[in-house]
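*Asks:* next comes the sequence, and after it the predicted model I'd like to discuss.
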Amino acid sequence: MRVAAALAVVVVVAVSCAGDRSAPSSAGGLDGELVVFAAASLTDAFGDIAEAFERHHPEVSVELDFGPSSRLATQIVEGAPADVFAAADDTTMAIAVDAGALRGAPEVFARNRLEIAVPAGNPGGVSGLADFANDDLLIGLCAAPVPCGRLGRAALADAGVTPAIDTQEVDVRSLLTKIEAGELDAGIVYRTDVLAADGAVEGIDLPDGGNSVATYTVAPVADGDAPDAAAAFIDLVLSAEGRRRLEDHGFLAP
Amino acid sequence: MTLRPSARGRPRAAPVVLVGLAVAGIGFLVLPFAGLLQRTPWTGLPGLLGQPTVARALRLSLVTATIAAGASLLLGVPLAWVLARLDFPGRSVLRALVALPMVLPPVVGGAALLFALGRRGLVGQWLYERFGVLLPYSTAGVVVAETFVALPFLVLTVEAALRSTDPRYEEAAATLGADRWTTFRRVTLPLVAPSVVAGAVLAWARALGEFGATVTFAGNLEGRTQTLPLAVALALERDRGAAIALSLVLVVVSLGVLVALRDRWFTLRPR
């Protein structure tokens, strides 16, 4: 009987936790919880912006969920409880737009340059995209559905290089981790990731071209429970303060 | 209540509390699969499953899981015997170490494997420089990751069986002049054979579903390291229908093997 009682308590607690996700914001000040789904490459910049947001609105707690934009878009279309969606490219943002999951048109808030990342010291002697065809090097890319994977492949195609890929990582941060550990000789990531690695990887510029820059957009989610806080968060991202914080992490102005 | 336990002796009504909670437990386990079936794009299924990616991922999964189960048998049965039969200081610590991969998030296990067996790893560095062996990004690396998470299931199953066997059989064999190796082969192993098979099946099933350690240690490349669970995770980001179809394959294959083997081997009937 004691076990049954304990189980009953677990069930009740689980149900009540599921219910109180976000209290509707009271008139005037904002409160409750704001859930932000953001591309993995925004991990550090949005961490800063969320902190600033919580300072401006102490009653709101911001919950950040970082991952590959494509997965986040699919989750939002499936009804995941998000209030704001920030994607690393138009293609994945379009998944959510086309499904009618967003309120209003997405706004561009930053751009990010693709770079070749190599471990510190460049043990593979990589000098450019042409080295990605070298079968003797360990080459990683983001998986094709992920923005950094799509853009990276496009940049390779532009350069006429057929890469000898050894692994396709689920998001840009796991690709970066393998390069940092020296377990890959080269990969294509964002400039912001090279900066975030803080010396553990070196960046090599890509040739200028339409396919080597990612465009970041943000929009409120139509079914979000905290529309006012979502609007305020997006305002902060688009503000001079937000842009400064993004630029601190290596993002380019929109 | 008309439900009666099927044990020998006088039939008694089964306790309502037990049956009620058991029904709740079954519902909890089965409900997600109902959700999967409800979302399955049945009309597009043949097209989705006919893709070469699916066949390659399934084949790779079956091959690597089977080798991982074999490796678990080879290393796990002796390990279980040592834990069950030998008395030495630090045995409880060793047992905890053996169980560790069951408790750790598989991604942590994968990262640990990378730091140990990767090109810059503790042992991997030597393997790479001396023999040119590189486990990450290879099918062998998938087997290593799967064995790492599957081995404890076999060890703990077999160790429990060894502990519950009557030591007098082994003592009798020893009295009759059999050495320890002969005793192990002719007496101990046959006694615990059903548990060895059960442990191997558990290890196989765990290896088949392995995702975190594999993707972290072995990476993800179609035909080389992309097992079915990795293909499912990737498809979820692009095409939900394909992801559900792949999941269904995994469910059907796993269930088929578990049902087939369970009837035959799992039930430990009293002799």
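*Replies:* Great, that's in hand.
*Asks:* quick one: low-confidence residue ranges for the stretch 51-200 of chain A.
*Replies:* Of all residues in the stretch 51-200 of chain A, none has pLDDT under 70.
*Asks:* so what's the closest residue to chain B within it bridging to?
*Replies:* The nearest approach of the stretch 51-200 of chain A to chain B comes at residue A:167, 2.9 Å away (C-beta to the nearest C-beta). Glycine gets a C-beta too; all of them are placed from N, C-alpha and C. Beta-bridge pairing for residue A:167 (DSSP bridges): residue A:140.
*Asks:* and the strands in the stretch 101-250 of chain B?
*Replies:* Assigned strands in the stretch 101-250 of chain B: none (criterion: DSSP state E, counting those that start in this stretch).
*Asks:* tell me where it has helices.
*Replies:* Using DSSP state H, counting those that start in this stretch, the helices of the stretch 101-250 of chain B run over B:106-117, B:124-131, B:139-164, B:167-175, B:180-183, B:189-208, B:212-217, B:228-235, B:240-261.
*Asks:* of the ones you listed, flag the one that's most buried.
*Replies:* Among those, helix B:212-217 has the highest mean neighbour count (mean count of other C-beta atoms under 10 Å in any protein chain shown), at a mean of 27.
*Asks:* per-residue confidence for residue B:257?
*Replies:* The model reports residue B:257 with a pLDDT of 80.
*Asks:* that one and residue B:49, how far apart?
*Replies:* 18 Å (C-beta to C-beta, to the nearest Å).
*Asks:* now swap in residue A:212 and tell me
*Replies:* On the measure of C-beta to C-beta, residue A:212 and residue B:49 end up 37 Å apart.
*Asks:* repeat for residue A:136
*Replies:* From residue A:136 to residue B:49 the distance is 36 Å (C-beta to C-beta).
*Asks:* residue A:151 now?
*Replies:* 31 Å.
*Asks:* quick one: contacts for the closest residue to chain A within the stretch 151-271 of chain B?
*Replies:* Closest residue of the stretch 151-271 of chain B to chain A, C-beta to the nearest C-beta: residue B:219 (2.9 Å). If you count contacts by C-beta atoms under 8 Å, 6 or more residues apart in numbering or on different chains, residue B:219 has them with A:140, A:166-169, A:178, B:136-137, B:141, B:225.
*Asks:* one step back: and residue A:212 and residue B:49? Which one has more around it.
*Replies:* residue A:212 (22 against 15; other C-beta atoms under 10 Å in any protein chain shown).
*Asks:* can I assume that one is in contact with residue A:148?
*Replies:* No. Checked against C-beta atoms under 8 Å, the pair residue A:212 and residue A:148 is beyond contact range at 11.1 Å.
*Asks:* okay, and the common contacts of the two?
*Replies:* residue A:114.
*Asks:* number of residues surrounding residue A:235?
*Replies:* Residue A:235 has 11 nearby residues by other C-beta under 10 Å.
*Asks:* and the residue of the stretch 151-271 of chain B closest to chain A, backbone torsions?
*Replies:* phi 80, psi -160 (degrees, to the nearest 10).
*Asks:* likewise residue A:82?
*Replies:* The phi and psi values for residue A:82, taken as degrees, to the nearest 10, are phi -110, psi 150.
*Asks:* and the residue nearest to it when sequence neighbours are not counted, helix, strand or coil?
*Replies:* Leaving aside its sequence neighbours, residue A:82 sits nearest to residue A:37 (C-beta to C-beta, 6 or more residues apart in numbering or on different chains; 4.3 Å). When classified by DSSP: H, G, I helix; E, B strand; the rest coil, residue A:37 comes out as strand.
*Asks:* so who does residue A:37 touch?
*Replies:* Residue A:37 touches A:65, A:67, A:72, A:75-76, A:80, A:82, A:84-86, A:221, counting by C-beta under 8 Å, 6+ apart.
*Asks:* is whatever helix or strand residue A:70 lives in anywhere near chain B?
*Replies:* Taking DSSP states H and E as the definition, one finds residue A:70 inside helix A:69-77. Yes. Remark: helix A:69-77 sits within contact range of chain B at A:70-71, A:74, by C-beta under 8 Å from any C-beta of the partner chain.
*Asks:* please name every helix or strand in contact with that helix.
*Replies:* strand A:32-39, strand A:84-87, helix A:90-98 (3 or more C-beta pairs under 8 Å, 6 or more residues apart in numbering or on different chains; DSSP states H and E).
*Asks:* list the buried ones in that helix?
*Replies:* A:69-77 (16 or more other C-beta atoms under 10 Å in any protein chain shown).
*Asks:* just stretch A:126-145 next, same as before
*Replies:* Buried positions in stretch A:126-145, judged by neighbour count with 16+ other C-beta under 10 Å: A:126, A:129, A:131-132, A:134, A:137-143, A:145.
*Asks:* just the C-alphas of it, formatted as CSV.
*Replies:* Taking C-alpha atoms only, stretch A:126-145 is exported to CSV below (Å, rounded to 0.1, in the frame of the first residue of the first chain):
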residue,chain,number,x,y,z
VAL,A,126,44.5,22.2,-43.8
SER,A,127,44.6,25.4,-45.9
GLY,A,128,41.3,25.6,-47.6
LEU,A,129,38.2,23.8,-48.9
ALA,A,130,40.2,21.8,-51.4
ASP,A,131,41.7,19.8,-48.4
PHE,A,132,38.2,18.5,-47.7
ALA,A,133,38.5,16.1,-50.6
ASN,A,134,41.6,14.5,-49.0
ASP,A,135,40.7,11.0,-47.9
ASP,A,136,43.7,10.8,-45.4
LEU,A,137,42.3,13.7,-43.3
LEU,A,138,39.4,13.2,-40.8
ILE,A,139,36.7,15.5,-42.1
GLY,A,140,33.4,16.3,-40.3
LEU,A,141,30.4,18.3,-41.4
CYS,A,142,27.1,19.1,-39.8
ALA,A,143,24.3,16.7,-41.0
ALA,A,144,22.5,17.8,-44.2
PRO,A,145,19.2,19.0,-42.6
